[in-house]
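> pasting a predicted model and its sequence here:
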Amino acid sequence: MSADSQSARTASGDAGAEPDAAAPLLHVEGLTKHFPVTRGVLGRTVGYVRAVDGVSFDVARGETLGLVGESGSGKTTVGRSILRLIEPTAGHVTFDGVDVLDADARELRRLRRSMQIVFQDPYSSLNPRMRVIDLVGEALEVHGLARGPEIERRVGELLARVGLSPSAINRYPHEFSGGQRQRIGVARALALEPKLIVCDEPVSALDVSIQAQVVNLLKTLGRELGLSYLFIAHDLSVVRHLSHRVAVMYLGEIVELAPTERLFEAPAHPYTRALLSAIPLPDPRRERRRLVLSGDIPSPVDPPSGCRFHTRCPAVMERCKSERPPAYAPEPRHQVRCFHAEGVTGDGWYPEVEARIEARIQKNRAETPPPPRVVLDVAPGGPLRPVEQNVSIDARRAGASAPAVSRSLRKKLWYVVPLALLLAFFGARSAFRRAAAERELEALAGELTAKTKLTGSVPASIAELGWRLPPLFGNHGAVDPWGRAFRYRLLRDEKGFELSTLGPDGVVSADDSVVVRKFR
């Protein structure tokens, strides 16, 4: 990268100071992405997964916008829709004055130079069959920026910039650690000198120490090159360290957007408050009041009506269940979609919102009925069983109802059926082993009979045979391939021999052994 381009990029914005938001580099308005749900052989559409639903935000030149939220909130879909790695359903995306969604293939290819992405998984995002010089230099060759030896020189410079040795250009991805692979991904994103990089959880798959190295690398590159980042992450501490502003997503919508420090100091949305309360404090003497959410994030196939967070909100009101809250602005550059922020402005807005939320939480707790009490019913000679408080004594004495009996039978079947299957399995295995032992003994008896006819006498022990039987049995006996022990002994008057298998107790019995007798 030339010195002129570096100075121009540095002049356009500094990641260490608040950038000018008057002319945003990226403008997203009403971005929507619905994935169809199909069924049947003909692929009939029966619904849609509303992964992203009306997302709007700006990214200024040299600014880092953090995008946080639970898994399934639509963060990755937003990043890939902006780059048109997946086609959005609706909305507008303007990058550096160009409408990305209306761009044709030729113009979109030109935009690719200015918009890059660092993927989440450094193991699957790099082709294991390509060397580093090919992984990083491929974009240079495709866009006509370098050829031949120039590619090797540029790739070496990029590796040195991200903290890797230029001598590693001929190595393969499997020869690097996870942090080094992610640095290769960053070098690949920097190869075309982009203006915007979408970082899709670039440190979530790395160790904590490696996370710090990659985050500091991104921050340094953003400051030196004037890069803009859309930083998608789960770790709020990383987002706070790197971002100028933070957008909080929930179920396909941005519920709060504010400058980083203001969001951490004065969260106006209950969901944001719950996320921040989950951050561990490094000081064990300090305690933080946890705001624990109940349940899981709803399905994006059928999102709740009204405020999408009302099914889990501890400060929910009746209007939240039917009305969708608009975007309120309690102060400049701070937007929140929550009815508790309605009509609050000025310097004292946050204490008022906090008081509203706390009052509603206490009221909801008071109005929530307590869980049903459970007592223990002691049946004569039977175990303790939980019974609801309001069940009468007569009903308990009368016995369980038909549905209760059915449930009891189903519970018994859960362990009776597997037990029966287990017994059947062991029975079949025992029969198989017995049949196998019988075949083996018959074959060995035939060989011993042939040996006896050749020598004219019955061997006193298997060790005297001198052929393949001693290695199999040893001098006295050995375990066969089916787990049973063999025994060989002469019969009376040395007129025959007996081959048998021993049971677990070491004796021959009719139940667990197979006996073969042969006479001369």
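Perfect, thanks for sending it. Remember, it's a predicted structure, so these values are computed and weren't measured experimentally.
> where does the residue nearest to the spatial centre of the chain fall, helix, sheet strand or coil?
Note on the chain: the residue nearest the mean C-alpha position is Ser71, at 8.6 Å, using Cα atoms, centre = their mean. Classification of Ser71 into helix, strand or coil gives coil, according to DSSP: H, G, I helix; E, B strand; the rest coil.
> phi, psi of it?
Note on Ser71: its backbone torsions stand at phi -60, psi 130 [degrees, to the nearest 10].
> wait, doesn't Glu201 sit right on Ala233?
Yes. Counting by Cβ atoms under 8 Å, Glu201 does reach Ala233; the two are 5.6 Å apart. Heads up, the C-betas are built off the backbone N, CA and C, glycines and all.
> hang on, the earlier thing: contacting residues for the residue nearest to the centre of the chain?
In this structure, Ser71 makes contact with 234, 297, judged by Cβ atoms under 8 Å, 6 or more residues apart in numbering.
> one more pass at 10 Å, please.
For Ser71, the set of contacting residues under the criterion of Cβ atoms under 10 Å, 6 or more residues apart in numbering consists of 201, 234, 297.
> and the first one, how close does it get to Val215?
Pointing back at Glu201 there. If you measure Glu201 against Val215 using Cβ to Cβ, to the nearest Å, the figure is 12 Å.
> shared neighbours, these two?
In terms of Cβ under 10 Å, 6+ apart, Glu201 and Val215 are both contacted by the residues 231, 233, 235, 238.
> most neighbours among those residues, please name it.
In terms of neighbours by other Cβ atoms under 10 Å, the shared contacts of Glu201 and Val215 top out with Phe231 at 27 neighbours.
> can you list the strands that the longest strand anywhere in the chain pairs with?
Longest strand in the chain by number of residues (criterion: DSSP state E): strand 44-59. In the sheet, strand 44-59 lines up against strand 26-39 (antiparallel) (DSSP bridges).
> buried set for the partner strand?
Applying a neighbour-count criterion of 16 or more other Cβ atoms under 10 Å, the buried positions in strand 26-39 are 26-28, 31-35.
> hey, which helix is longest across this structure?
helix 402-455 (DSSP state H).
> show me what that helix is packed up against.
Using 3 or more Cβ pairs under 10 Å, 6 or more residues apart in numbering; DSSP states H and E as the contact test, the elements touching helix 402-455 are helix 469-473, strand 485-490, strand 496-502, strand 515-519.
> mind running it again at 7 Å?
Using 3 or more Cβ pairs under 7 Å, 6 or more residues apart in numbering; DSSP states H and E as the contact criterion, the neighbours of helix 402-455 among helices and strands are strand 496-502, strand 515-519.
> those strands: lowest mean pLDDT?
Comparing mean pLDDT across these, the lowest value falls on strand 515-519: a mean of 56.
> wait, a helix at Ala247?
No. Assigned with three-state DSSP, Ala247 falls outside any helix and is strand.
> that one is in contact with Val55, isn't it?
No. Judged on Cβ atoms under 7 Å, Ala247 makes no contact with Val55 at a distance of 8.4 Å.
> picking that back up, adding distance to Arg181 and pLDDT, write the buried residues of strand 26-39 out as JSON lines.
JSON lines is the format used below for the buried residues of strand 26-39 (distance: Cβ to Cβ, whole Å; pLDDT from 0 to 100):
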{"residue": "Leu26", "distance to Arg181": "27", "pLDDT": "95"}
{"residue": "His27", "distance to Arg181": "33", "pLDDT": "95"}
{"residue": "Val28", "distance to Arg181": "30", "pLDDT": "96"}
{"residue": "Leu31", "distance to Arg181": "30", "pLDDT": "96"}
{"residue": "Thr32", "distance to Arg181": "34", "pLDDT": "96"}
{"residue": "Lys33", "distance to Arg181": "29", "pLDDT": "95"}
{"residue": "His34", "distance to Arg181": "34", "pLDDT": "95"}
{"residue": "Phe35", "distance to Arg181": "30", "pLDDT": "95"}
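> make TSV from the residues you listed and add distance to Tyr271 to it.
Written out in TSV, the entries for these read as follows (distance: Cβ to Cβ, whole Å):
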residue	distance to Tyr271
Leu26	24
His27	25
Val28	21
Leu31	20
Thr32	21
Lys33	21
His34	22
Phe35	23
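> closest one of these to Gln211?
Each of the buried residues of strand 26-39 was scored against Gln211 by Cβ to Cβ, and Leu26 proved nearest at 25.3 Å.
> what are the bridge partners for that closest one, then?
In this structure, Leu26 has the following beta-bridge partners (DSSP bridges): Val59, Phe95.
> common neighbours of Ala247 and Val55, please.
When Cβ atoms under 7 Å, 6 or more residues apart in numbering defines a contact, the residues bordering Ala247 and Val55 alike are Ile254.
> what kind of secondary structure is Glu157 in?
If you use three-state DSSP, then Glu157 falls in the helix class.
> make residue 1 into 9 and carry on from there
Let's use 9 as the start, then, which means that last one is Glu165.
> and the pLDDT at it?
Among the per-residue scores, Glu165 shows a pLDDT of 92.
> coming back round to it: quick one: average confidence on the longest helix of the chain?
Per-residue pLDDT over helix 410-463 has a mean of 71.
> check the offset of that helix from the chain's centre.
If you compare the mean C-alpha spot of helix 410-463 with that of the full chain, they lie 42 Å apart, counting by Cα atoms, centre = their mean, to the nearest Å.
> cool, and stretch 335-344?
Taking the mean C-alpha point of stretch 335-344 and that of its whole chain, the gap between them comes to 33 Å (Cα atoms, centre = their mean).
> in it, what's buried?
With burial defined by 16+ other Cβ under 10 Å, the residues of stretch 335-344 counted as buried are 336-339, 342-344.
> for stretch 234-247, same thing?
Residues 234-241, 243-244, 246-247 are the ones in stretch 234-247 that count as buried (16+ other Cβ under 10 Å).
> in strands, which of the residues you listed fall?
When the buried residues of stretch 234-247 are checked against strands (DSSP E), the matches are 236-240.
> of those, closest to Ile205?
Using Cβ to Cβ, Tyr237 is the member of those that sits closest to Ile205, with 5.6 Å.
> next up, phi/psi of the nearest residue to that closest one once chain neighbours are set aside, please.
The spatially closest residue to Tyr237, leaving aside those adjacent along the chain, is Thr72, at 4.2 Å (Cβ to Cβ, 6 or more residues apart in numbering). Torsion angles at Thr72 (phi, psi; degrees, to the nearest 10) stand at phi -110, psi 120.
> how many neighbours does Thr72 have?
25.
> do the same with the one 4 residues further on
Residue neighbour count, defined by other Cβ under 10 Å, stands at 25 for Val76.
> measure Tyr180 to Glu264 for me?
In this structure, Tyr180 and Glu264 are 44 Å apart, going by Cβ to Cβ.
> so between those two, which is more surrounded?
Set side by side, Tyr180 and Glu264 show more neighbours around Glu264, with 26 against 16, by other Cβ under 10 Å.
> looking at this, the more buried one is in a strand?
Yes. If the criterion is three-state DSSP, then Glu264 is within a strand.
> I'd say it and Val254 touch.
No. Under the criterion of Cβ under 7 Å, Glu264 is not in contact with Val254, lying 8.2 Å apart.
> now do the shared contacts for the two.
With contacts defined as Cβ under 7 Å, 6+ apart, the residues shared by Glu264 and Val254 are Leu271.
> tell me where the stretch 59-208 of the chain has strands.
72-76, 98-103, 106-107, 123-126, 204-208 (DSSP state E, counting those that start in this stretch).
> what angle separates the second one from strand 204-208?
Orientation check (axes from the mean of the first three to the mean of the last three Cα atoms, to 10 degrees): strand 98-103 against strand 204-208 gives 130 degrees.
> list the contacts of strand 98-103.
Residues outside strand 98-103 that contact it (Cβ under 7 Å, 6+ apart) are 33-40, 90, 107-109, 119, 123, 204.
> just the shortest one next, same as before
Residues external to strand 106-107 that are found in contact with it (Cβ under 7 Å, 6+ apart): 100, 119.
> okay, now the sheet partners of that strand, with direction.
Pairing partners of strand 106-107, with direction, according to DSSP bridges: strand 98-103 (antiparallel).
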